[in-house]
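Enquirer: Coordinates for the following, if possible.
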Amino acid sequence: MTRPRPPRGLAALLALVTAGGVAVLTEAAHTESASAAPVGAGSYTETLPAGRSLPTGCGSISTNPRQHVTGNAPAGPVPTNDWWSSLLFKRFDCQFSAPLFAGPAAYQPGAGGMGLSYQTDAAISGSATGTGEYHYPYAEHVRVGVDGLTAGQALVDGWSDWTVSTLLSGGGRTLRATIGRGLPLSYYQVTGGDAVLTITGPPTAWSNSGNRIGFSIGGHDYVAWAPTGATWSLSGTTIRSSLAGRGYLSVAVLPTTSGTSTADKIALADRFTPYAHNHVTGSRLSYSYNQNNGAVTSTYAVTTTAREGGGTGTVIALYPHQWRYLTGSTPLAPTYVSPRGAMRIVTGGQFSTSMTYTGVLPEIPAAGDSAGADLTTITTYLTNELTNPADFRGDDTYWTGKGLGRAARIAEIADQLNLTAVRDSALNVIRTRLTDWFTATAGKTSRVFYYDRNWGTLIGYPASYGSDQELNDHHFHYGYFVAAAATLAKFDPAWASNARYGGMVDLLIRDANNYDRADSRFPYLRDFDIYEGHDWASGHGSFGAGNNQESSSEGQNFANALIQWGQATGNTAVRDAGVWIYTTQAAAINEYWFDVRGENFPANWGHNYSAIVWGSGGAYATWFSGEHEMIVGINMLPITGGQFYLGDHPAAVRGTYAELVRNNGGEPTLWRDMLWQYLALGDPDDALSRFRADPSYTPEEGESKAHTFHWIRNLAALGQVDTTVTANHPLAKVFVKNGARTYVASNITNAAQTVTFSDGRTLSLPPGRTVAGGAANWSGGNAGGTPTDPPPTDPPPTGCGTGTLASQGRPATASSTESAAFPATDVVDGDTGTRWSSAFTDPQWVQIDLGTARTLTRAELTWEAAHARSYRIETSANGTTWTPAVTVTGTGAGGQTTHALSGTARYIRMFGTERATPYGYSLWEFRVYTC
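Expert: Predicted coordinates:
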């Protein structure tokens, strides 16, 4: 939702469809003086600056974001920027919500119940050479309700990483519905009457036996399950069951087509039936980054409660960016249609993916412009920036960020080329402007950050593009701040320390995408859709087409900023969160914005690129311009050393550029620098020739000619990115030209390093230097402010991969329990809502018996707030003699912690030696993975 102007044309056609015309309420301006809350040498205010706005919406939501949340929902800050946010952050429909595109099904609550829609035919508008959109719009097939239900509003009754529960009540009836990303089944609990399925036309029942009915409507097939002993009756457009008085049911959409036979429909229903009454009660992501080999492993787990029987797990549909990297599971043959492409199906309680992080750089190295005439050219361009390296175009958070990003690029390049006056000028601008923003004083209303405890958010004023009233775009705006701070940290580590301004940078990170589950000030990963693999820009998502994201590249700018900042400050938790977001989102962007394999967009849409991803589809359009150059360029800016993922598929780069030229009726005349830099990732020599032919263009507002020339000229020397080789260092990248590789790595510490690449090549890096070796050779830079480099994560044993979960359901014992309500067995039950808690003394332990000696790969500890400051992971062959495998002394931070393990053992335990709180040791889950 970058730079949203009042929508017009195609962008408005489906995007602004709402159920009602309810006026938006505006919070009256507060007039108190700003009071500072110190963070090191910096500060923010907890008093709304005079004349500034809070989030706005229905009723009293400005000051009470839990207005539409029940007491059953999780405590703490409410999530925003999600696929279901219009349920909670009610802005237009003050009763219910906009459509909720969960994938594969879409949902919309109403007075009579929860509506379901599954669409397989895209609605396409526009043309193949002009602006256009495709959507799988919400068109209700089924409404699940209760006889006599007359709900006045939908309340949020619970949420987890990618599920949400909503409560509808009225007329003495209630309906509680749980829906989620990738869940073909939806789950319901009812009181006060019969369960009623209202169909949008006479359905065709192809199976009705006992507690299960299968029916067709609108060319699609659904199955409903009542409790054992109940039956279903069909009359006209109504399907009814008393549920045998037990009050629960589930409904699934099947992955069928018009050619699916009745026998195959019944077979699919049979395949789903064992999971029908395993109601999903939660979902949780865990991830790890192995620095030694670049492996980024993600596990997506759901918890279920069996309403009858003893089953576990459910049916799970995976998006393309998930099933292409799936490990340890084999999908079923049928697939669902979705706005993101085909969804493949697995069953069980979890699935895992393994992707490869191929590196980022602070900046592309000066391998091609550090000598000769090109050195003269780049020196001239940089010298021209000496007095105005940021070229700020506005004073709000977005345009301030753009200027900071521009200055950071200039500082990085000038440092490589030893133009210290230009570098220091840019660094001084960054330092001065960030320090100003990071200092709150009484009465200050501009260049100030305000923390709102009700919403759990940090808003910068002046705000822009709805970053205050709608909580839009925080990852876009703050990514520029964090990236500039990371550049400054390499040269001025004292400024970046927690004693000075590092804490303020960390608050910006936590607000946009909090990486720490234990931090109750901000929601976990606010802007990031964990399951769909990318950010959402709108805080409320109250559009007929769902939520939206325009500038995916600015989302990646935030992720890259986390990698750079974490590396510069030694904060591996931030760095690893950045690596996970970056790697996951790179895969999603190449699938859903650029469709690099040509498999995800509707075949008859006519475009090979989408500028905006909507919950229900995509658009070749922007919020602010109909110019083709901007439609394409918005997903490229800002070009930095973190945007190399755009070149992972060079042929797709050339294809997207060719489509731009075709649609534009000729070469670009606007934003040529952004488009040439993108083209350079697919054809650097062609891009360089275009730049040389016309260097008199007008730069994009956040770009400089110095950086554009540097980027294109050096890609021409290095070639395209090589994704087949990784490094044991996060700031490293490999390029290939005419079959010959160049290896690049950046050392931002004050000690020498050796970087090893996966093909056996090594690079020796002097302190503070970026080095290129191989086909092209170069060394330069002086960014050695960081005293130490974060240590690599130990890899799992060779041949084991990341291992499989071996601890769930195994016997667990403990030294003590706080009470019978918190037994040791809760750490192995797979439910992140139950926990073991010890007595309030040191030491304490909890151990797991794996049954037989197993080869260990890793252990995952998911701590409650009462965590360990110091502890050991110990292993044993007999449960009596213990060997320390991991020792943590005084640095335990709680949340989710992963430890690599090796060797074999039957028993494993967490042995706590120092508590971080006055309470005991408390673990939600203790997961052990083995070969």
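Enquirer: If we ignore the residues flanking it in sequence, what's nearest S819?
Expert: Excluding its sequence neighbours, the residue lying closest to S819 (Cβ to Cβ, 6 or more residues apart in numbering) is S837, at 7.7 Å. In this view, the C-beta of every residue, glycine as well, is placed from N, C-alpha and C.
Enquirer: which ones are touching the one you found?
Expert: Residues near S837 by Cβ atoms under 8 Å, 6 or more residues apart in numbering: 817-819, 822, 864, 866, 919-922.
Enquirer: Quote the end-to-end distance of stretch 149-165.
Expert: Distance between the two ends of stretch 149-165: 17 Å, counting by Cα to Cα, to the nearest Å.
Enquirer: can you pull out the strands in the stretch 1-150 of the chain?
Expert: 36-39, 42-45, 100-101, 106-110, 113-117, 123-126, 132-135, 142-146 (DSSP state E, counting those that start in this stretch).
Enquirer: actually the stretch 151-300 of the chain, not the one I wrote
Expert: Using DSSP E, counting those that start in this stretch, strands in the stretch 151-300 of the chain cover 154-159, 163-170, 173-180, 185-191, 195-199, 204-209, 212-217, 220-225, 233-235, 238-241, 248-253, 278-290, 295-306.
Enquirer: Show me which residues of the shortest one are buried.
Expert: Residues L234 are the ones in strand 233-235 that count as buried (16 or more other Cβ atoms under 10 Å).
Enquirer: who's in contact with that strand?
Expert: Contacts for strand 233-235 (Cβ under 8 Å, 6+ apart): 203, 205, 208, 213, 215, 239-241.
Enquirer: can I get the residues you listed in JSON lines with distance to Q847 and pLDDT?
Expert: JSON lines is the format used below for the contacts of strand 233-235 (distance: Cβ to Cβ, whole Å; pLDDT from 0 to 100):
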{"residue": "P203", "distance to Q847": "54", "pLDDT": "97"}
{"residue": "A205", "distance to Q847": "53", "pLDDT": "97"}
{"residue": "N208", "distance to Q847": "51", "pLDDT": "97"}
{"residue": "I213", "distance to Q847": "48", "pLDDT": "98"}
{"residue": "F215", "distance to Q847": "51", "pLDDT": "98"}
{"residue": "I239", "distance to Q847": "51", "pLDDT": "98"}
{"residue": "R240", "distance to Q847": "52", "pLDDT": "98"}
{"residue": "S241", "distance to Q847": "46", "pLDDT": "98"}
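Enquirer: With neighbour count and distance to E532 as added columns, please give the residues you listed in JSON lines.
Expert: Output for the contacts of strand 233-235, formatted as JSON lines (neighbours: other Cβ atoms under 10 Å; distance: Cβ to Cβ, whole Å):
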{"residue": "P203", "neighbour count": "23", "distance to E532": "30"}
{"residue": "A205", "neighbour count": "12", "distance to E532": "34"}
{"residue": "N208", "neighbour count": "15", "distance to E532": "35"}
{"residue": "I213", "neighbour count": "25", "distance to E532": "31"}
{"residue": "F215", "neighbour count": "24", "distance to E532": "29"}
{"residue": "I239", "neighbour count": "23", "distance to E532": "31"}
{"residue": "R240", "neighbour count": "18", "distance to E532": "35"}
{"residue": "S241", "neighbour count": "21", "distance to E532": "33"}
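Enquirer: Can you say which two of those are spatially most distant?
Expert: Greatest spacing in the contacts of strand 233-235, by Cβ to Cβ: P203 and S241 (14.5 Å).
Enquirer: Of the strands of the stretch 1-150 of the chain, which is nearest L88?
Expert: L88 lies closest, by Cβ to Cβ, to one member of those: strand 100-101, at 11.2 Å.
Enquirer: Surely G618 and Y134 touch.
Expert: Yes - the pair G618 / Y134 is scored as a contact, 5.9 Å apart, by Cβ atoms under 8 Å.
Enquirer: Overlap of the contact sets of the two?
Expert: Going by Cβ under 8 Å, 6+ apart, residues that sit against G618 and also against Y134 are 339, 601.
Enquirer: So those two - more neighbours on which side?
Expert: G618 (28 against 24; other Cβ atoms under 10 Å).
Enquirer: How about the secondary structure of the more buried one?
Expert: strand (DSSP: H, G, I helix; E, B strand; the rest coil).
Enquirer: do Y478 as well
Expert: Under three-state DSSP, Y478 falls in the helix class.
Enquirer: quick one, what contacts the closest residue to it other than its chain neighbours?
Expert: Counting by Cβ to Cβ, 6+ apart, L508 is the residue found nearest to Y478 once chain neighbours are left out, at 4.3 Å. L508 makes contact with 449, 458, 478, 481-482, according to Cβ under 8 Å, 6+ apart.
Enquirer: next one: A716
Expert: Neighbouring residues of A716 by Cβ under 8 Å, 6+ apart: 368, 680, 684-685, 687-688.
Enquirer: closest to I413 among those residues?
Expert: When the contacts of A716 are compared for distance to I413 (Cβ to Cβ), G368 wins out at 12.4 Å.
Enquirer: and G773, what element?
Expert: Element membership of G773 [criterion: DSSP states H and E] is strand 770-774.
Enquirer: Which SSE is immediately downstream of that strand?
Expert: Using DSSP H and E, the helix or strand that follows strand 770-774 in sequence is strand 778-780.
Enquirer: what's that following strand in contact with?
Expert: With contacts defined as Cβ under 8 Å, 6+ apart, strand 778-780 is touched by 365-367, 370, 415-418, 766, 769-772.
Enquirer: Reformat those as CSV; add distance to V755, neighbour count and pLDDT.
Expert: CSV is the format used below for the contacts of strand 778-780 (distance: Cβ to Cβ, whole Å; neighbours: other Cβ atoms under 10 Å; pLDDT from 0 to 100):
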residue, distance to V755, neighbour count, pLDDT
P365, 14, 31, 98
A366, 19, 26, 98
A367, 16, 26, 97
S370, 21, 19, 96
D415, 20, 27, 97
Q416, 18, 28, 97
L417, 22, 20, 97
N418, 23, 13, 96
P766, 12, 14, 96
R769, 12, 22, 96
T770, 11, 30, 97
V771, 8, 22, 98
A772, 12, 25, 98
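Enquirer: element containing the residue nearest to Y478?
Expert: If you go by DSSP H and E, L508 is part of helix 502-513.
Enquirer: residues of that helix that come out buried?
Expert: By neighbour count with 16+ other Cβ under 10 Å, helix 502-513 contains the buried residues 502-513.
Enquirer: so which of the strands of the stretch 1-150 of the chain is the most packed in?
Expert: strand 100-101 (a mean of 29; mean count of other Cβ atoms under 10 Å).
Enquirer: Which strands and helices lie in contact with it?
Expert: strand 106-110 (3 or more Cβ pairs under 8 Å, 6 or more residues apart in numbering; DSSP states H and E).
Enquirer: ok, the strand it packs on: who's next to it in the sheet?
Expert: Here strand 106-110 has these sheet partners by DSSP bridges: strand 100-101 (antiparallel), strand 113-117 (antiparallel).
Enquirer: of all these, which lies closest to D436?
Expert: Comparing those under Cβ to Cβ, the one sitting nearest is strand 100-101, at 41.0 Å.
Enquirer: Distance from the closest one to the middle of the chain?
Expert: Computed by Cα atoms, centre = their mean, to the nearest Å, the chain-centroid distance of strand 100-101 equals 17 Å.
Enquirer: likewise stretch 370-386?
Expert: How far stretch 370-386 lies from its chain's middle: 39 Å, per Cα atoms, centre = their mean.
Enquirer: Buried residues of that stretch, list them for me.
Expert: The neighbour-count check on stretch 370-386 (16+ other Cβ under 10 Å) flags 370, 374, 377-379, 381-382, 385 as buried.
Enquirer: How about stretch 856-866?
Expert: 856-864, 866.
Enquirer: name the element R406 belongs to?
Expert: With DSSP H and E as the test, R406 turns up in helix 397-416.
Enquirer: Just the angle for that helix relative to strand 770-774, thanks.
Expert: Put simply, helix 397-416 runs at 60 degrees to strand 770-774, going by axes from the mean of the first three to the mean of the last three Cα atoms, to 10 degrees.
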